[in-house]
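Asks: structure, please.
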Amino acid sequence: MTLHVRAQVTLEDYLALPETMLPTELIDGEIIQMPAPELEHQEIVGNGYLLLRALARTKGGKVYISPTDVVLDDVTVVQPDLLWIAPEGSRCIPDAGKRLRGAPDLVIEVVSPGSVFHDRRTKFRLYEQHGVREYWLVDPRDRLIEVWTRQGDNFVLIDLYEENQTFKSPLMGQVAVSAFFSAE
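Replies: Residues are numbered from 1 along each chain as shown. Model (predicted):
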């Protein structure tokens, strides 16, 4: 279940809210709050974080895990499950150590039954519009990863990858899909 607050809210109002561990975003001036994710979702996010950290050792840059506020504009703040900021030339910068501003280079969302529309439609469009360079959607139910990359102003689907496959990310290099679904 997603809670939508219909009143128009400013970035200043959003930033004044009390701290919470529930996923809370500001989308076009509307606060959207979801219940805490299920355990499988969190395990996949944790595995993804370890994978990104390992890849970032050779690429450089910074890896962040949700809940991390990413301010895209004055009425939009998202909390991607995982994100990576390139070491040079990124549009995403830390804002006084409190949050990030601008589009991350790589965003990864783990879809849940309650978030699938939000991740596939709303956030997809926001990430595309604001200049995210690469977007991965991880599907725990079907154990797939959908990989999108930026070409010009739009995302283009690279492919869907199953658990037993690897793929070459334009930003991160070789990625084993199974790393996200590992039980360890």
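Asks: tell me how far the residue most central in space within the chain lies from Ser182.
Replies: Most central in the chain under CA atoms, centre = their mean is Pro80, positioned 2.9 Å from the mean C-alpha point. Counting by CB to CB, to the nearest Å, the gap from Pro80 to Ser182 is 21 Å. The way it works is simple: take the backbone N, C-alpha and C, and place the C-beta from them, glycine included.
Asks: low-confidence ranges, the chain, go.
Replies: Where the chain drops to pLDDT under 70, the residues are 1-7, 184.
Asks: quick one, helices of it?
Replies: Along the chain, counting by DSSP state H, helices occupy 11-15, 39-59, 116-117, 123-130, 178-181.
Asks: looking at those helices, which is closest to Asp28?
Replies: Nearest of these to Asp28, taken as CB to CB: helix 123-130 at 8.7 Å.
Asks: which helices and strands does that closest one pack with?
Replies: Identification of packing neighbours for helix 123-130 by 3 or more CB pairs under 8 Å, 6 or more residues apart in numbering; DSSP states H and E yields strand 70-73, strand 76-78, strand 134-139, strand 154-162.
Asks: list the buried residues of that helix.
Replies: Buried residues in helix 123-130, counting neighbours by 16 or more other CB atoms under 10 Å, are found at Lys123, Phe124, Leu126, Tyr127, Glu128, His130.
Asks: next up, the contacts around the second one.
Replies: Think Phe124. Taking CB atoms under 8 Å, 6 or more residues apart in numbering, we find Phe124 in contact with Tyr135, Trp148, Phe155.
Asks: most neighbours among those residues, which one is it?
Replies: Using other CB atoms under 10 Å as the neighbour test, these are led by Tyr135, with 23 neighbours.
Asks: what sits opposite it in the beta ladder?
Replies: For Tyr135, the beta-bridge partners under DSSP bridges are Val107, Trp148.
Asks: what's the burial count for Val156?
Replies: The burial count assigned to Val156 is 10, neighbours taken as other CB under 10 Å.
Asks: how many other residues sit next to the residue nearest to Glu162 when sequence neighbours are not counted?
Replies: In space, and not counting its chain neighbours, Glu162 is closest to Leu144: 6.0 Å by CB to CB, 6 or more residues apart in numbering. Residues lying near Leu144 (other CB under 10 Å) number 18.
Asks: do the one 10 residues further on as well
Replies: Using other CB under 10 Å, the number of residues around Asn154 comes to 10.
Asks: could you do Asp81 as well?
Replies: Counted with other CB under 10 Å, residues neighbouring Asp81 total 27.
Asks: tell me what the nearest residue to Asp69 once chain neighbours are set aside is bridged to.
Replies: If the residues on either side of it in the chain are set aside, Asp69 comes closest to Arg99, at 3.9 Å by CB to CB, 6+ apart. Bridge pairing for Arg99 (DSSP bridges) gives the partners Asp95.
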